[in-house]
Each structure stands twice: as structure tokens, then as C-alpha cells.
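below are the sequence and a predicted model for it; my questions follow.
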Amino acid sequence: MFVRRSAAVHATAHGRGHGRAHVAVRAAVLAAVSAATAVIGTAVAPAALADDASPSASPSQAFPSGLYGSTDPTYDGVWRQSLALLAQHTVGVKPAAKAVDWLTGQQRAAGGFAPYRADATAKCDAKTMVDTNNTAAAVQALAALGGHDSETGKAVAWLKSVQNTDGGWGYVAGGASDANSTSVVIGALAATGEKPLDVTSKGGESPYDALAELSIACDADGGGAFAYQPDKKGKLAANTDATAAAVTGSLGKGFAGEAVKPADDGASCKTTTGVDPEQTAQNGAAYLVEALAKDKYLTSALAGSEDQPDFGNTADAVVALTTAGHGDQAADSVRWLESNSAQWAAQSGPAAYAQLILAAQASGFDPRDFGGRDLVEQLGATGPAPQTAAESTEESTAPSADEESDSDGLGVWWIVGVGLVAGIGVGFLISGRNKRQQL
């Protein structure tokens, strides 16, 4: 559930430190921009990615007191905040009012959310980045908390307005559809009471049609898995991060998934006729079960380095399998996370803690005693303390979305940044997921 990893640059475009964020290059883009922009003499802050240790704020940097995390929020502020609030709500914790206010204050008048607006009262312009992943993540969190119908309604309207003709979404408006972005938007639609099947493009395609196009046939290499996006030749390559996101998305669920009674039969890949979201989800689940069978965790790879355990993707896979009715086959992976994820979560911050909480909660494990750690307490320590009974009546002071009517199209700054990243060949996932291609 946090945006997470794929070899393709989520730049057309996670959290997740992993999750799920995908979206057309999932916000990725940005870690490389800081290095690339040196060529043109422009200083850009490094992206804070959920799955990688990000630079902490320097003493001179003052981030809003309502924001979770101490690293540069430029590219993942809304993503990590949304995951943190959703995770707290899922375990019955009422977030601090100022944390919720900070999130609602990030929304633009047109409905979309930017990754981070240092001054939420300032008028947005063409340089203000807005994307589907951060917007959909915010919708899932605010819908769960309740009382934010105005904000979520505007956000969903914006998401519908940028739906691609194939029924899916890319990271940024107009970007090619990808499995992660489409799935996180499905989660937002479902959270607000929309029926994803009925949210169709002008061509009559639904989000499930877009995901079906990214599902790999059972008899092909990587059968059952989902690809992040087709390659330049239209070929689909299995991607575990995309698969975890798409299994949950195909079942019409969001980051938190849904714990269901274990299926009577084991996960298996079966050829579908037409668009069958339930079966493509089961096919993806079968692929994840096999991928987890040997080591109990999924791996991520970067060019020139050995494969490394992918904690965020593993947590997302646990949620996906549980939602698909195969939580029993994910139990060993949860135990592995209990024993091995502490350092990763501490380095990665709120989005990582949230992913672990959601995985534990979905699979029936105790997030307050996860390998001897209280994940809920650890998450809370990264931001404002949750409300007490006395605080629960305090008034919200969140600034309203600015009243400007500026376009949500891509600004010159964003286009340049995406181009630079694409040129370097770096693919990161802002939502938190560094999507690394799994073959």
C-alpha cells in the first residue's frame, strides 16, 4: 500500500516506502531530479522516498507541526501523511486534529493534491505538482476518517476528469496507465462509495479493463502476475509490486485491504474469458504465493547491485493475499516481517510503519506487539500525538483549498523534472514504492 517499486519511472506519473503507490511513474521521478538539475543550475531538494533512508530535516528546516515524518516532504508529504492517518484509524486511534488539517490543507481548489505545499495558503500555479497517487491516497485516508465529504468529493471528481481512455490512470494526468496508479484510484473510488466498475472513460472502459490489460496470461512467463506497464514493444513483464497493488485493486479494495475467510482451495492461475476482475486477482495471488514460497519475502533489485529484501512490497503482498482469501499462505511472511523489519521501518518513517500496521491488522497479527514492537506507538512518535478525549472536540483550523481556477495540467517545472529523470533512467516511486521490475 505504499507506493512502491517498479523499474519504470513513475514519472509519468509510493509511500509505499513501498505501497502502492504506481501511477504512471509513480511520482518517482524526483530523487534523480536533484542530481540532474545541477546540469542546468537549478537547486532541487532530494526526494524523500518511503523505502529508502531519506535525508532528515536540517536544524534550519521547519516542517509543519501537523506533518508526520522528519525527512524532506517535498515529494511524499501527502502520501506518508495519508498512510499514517489511515493506519491509525484502522487500529482505532483518532489522529491529531492538526494532522488531519494539514492533509486537507494540501488540496488544490480543482480537487487534486500535490505531494507537498509548504505554504498551503499560497495560490497554486503551474509549478504546483498534482498527481493521482497522492490525491487517491488522501481520499482513502479522509474517507476512512469521515466528515470530509466536500474534500473527497472534489478529489474524486478530479480523478474522474483525468481518467484515461483505457479506463486506467497514470501517475500524472495524461500519463500512460499503470497498475499501481489505477489500483490506488480504485481504492479511493471504493472508499467514497463509488462502484469502480461504473466509473468508465469516454470509450466505456472501466479501471478493471485497464488492469486486465496488464494481467499476464497463465501460460506465459510470469503467468498470473501483473505488469506495471507494457514495455516499448508492448510486452508485459511480471512485477511483484504491481501485482500486489493490482490484486487488491481488482478486488475493489484500498490500502487496508479486507480480511476475508480463507478460500477453500489454494491460489491457482486460471485462464479468464473477457474481463473477470475476481479471477485476475486470484491469478495475481497465485503468483505472489509462489514468489513468497522460498524466502517468505519479496526482493527488489537495482542495476549493479544484488537483490535485497523488499519490506514494503512484502507487506503489501500480505494485504493482497489476505484480501484474496489466502492469508494463511502469507502468515510466514508476516512472521518474517516481525523479525526483520525494525531497522527498515525506523529508517523509512511513517509510511513504512503504516504499511506494517496494515499488513498486521489485515492478517490477524497484533500491530501493538509486532515482534515485540508497538508499531502504533512507533508511528505515533513520528508526528503529532493522537487526540485524547478532551482534544476530540477541538475545532479544525485547516485552511480551505485556494480559490484559484488554475489548470491541473503539467507545468514546465514538472515536465522538465520528468524529462531529466527519464533521461537518467532512474525509476523511483514517491508514494513510497521504488518499483523495481521483477522478472
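Right, received. Where do you want to start?

switch to C-alpha atoms for all contacts and neighbour counts from now on
Noted.

could you list the low-pLDDT ranges of the chain?
Along the chain, segments meeting pLDDT under 70 span 1-61, 263-264, 303, 388-439.

ok, longest helix in it?
Ordering each helix of the chain by length in residues (DSSP state H) puts helix 277-293 first.

name the helices or strands packed onto it?
The elements that helix 277-293 packs onto, with contact taken as 3 or more Cα pairs under 8 Å, 6 or more residues apart in numbering; DSSP states H and E, are helix 207-213, helix 240-250, helix 311-323.

redo the ones you listed as TSV? Include distance to Val289 and mean neighbour count.
Below are the helices and strands packed on helix 277-293 laid out as TSV (distance: least, Cα to Cα, whole Å; neighbours: other Cα atoms under 10 Å):
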stretch	distance to Val289	mean neighbour count
helix 207-213	20	25
helix 240-250	11	34
helix 311-323	8	33
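
mind putting those in CSV, distance to Val275 included?
What follows is the helices and strands packed on helix 277-293, written out as CSV (distance: least, Cα to Cα, whole Å):
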stretch, distance to Val275
helix 207-213, 6
helix 240-250, 11
helix 311-323, 19
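
nearest to Gln282, of the ones you listed?
helix 240-250 (7.3 Å; Cα to Cα).

what angle do the closest one and helix 277-293 make?
In terms of direction (axes from the mean of the first three to the mean of the last three Cα atoms, to 10 degrees), helix 240-250 departs from helix 277-293 by 150 degrees.

and helix 240-250 with helix 311-323, angle?
30 degrees.

about what we covered before: which strands and helices lie in contact with the next helix or strand after the longest helix of the chain?
In the C-terminal direction, the helix or strand that comes right after helix 277-293 (DSSP states H and E) is strand 298-300. Packed against strand 298-300, as judged by 3+ Cα pairs under 8 Å, 6+ apart, are the following elements: strand 308-310, helix 311-323.

could those go into TSV alongside distance to Ala354?
Written out in TSV, the entries for those read as follows (distance: least, Cα to Cα, whole Å):
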stretch	distance to Ala354
strand 308-310	15
helix 311-323	10
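
those: which one's closest to Trp169?
Nearest to Trp169 among these is helix 311-323; the distance by Cα to Cα comes to 19.9 Å.

residues of the helix or strand following the closest one that come out buried?
For helix 311-323, the succeeding helix or strand toward the C-terminus, using DSSP H and E, is helix 331-340. Going by neighbour count (16 or more other Cα atoms under 10 Å), the buried part of helix 331-340 is Ala331, Asp332, Ser333, Val334, Trp336, Leu337, Glu338.

same check on stretch 176-193?
Along stretch 176-193, the positions that meet the burial threshold by neighbour count (16+ other Cα under 10 Å) are 176-192.

next step: those restricted to helices.
Filtering the buried residues of stretch 176-193 for helices - DSSP H - leaves 179-191.

list the buried residues of stretch 365-372.
Going by neighbour count (16+ other Cα under 10 Å), the buried part of stretch 365-372 is Phe365, Asp366, Pro367, Arg368, Phe370, Gly371.
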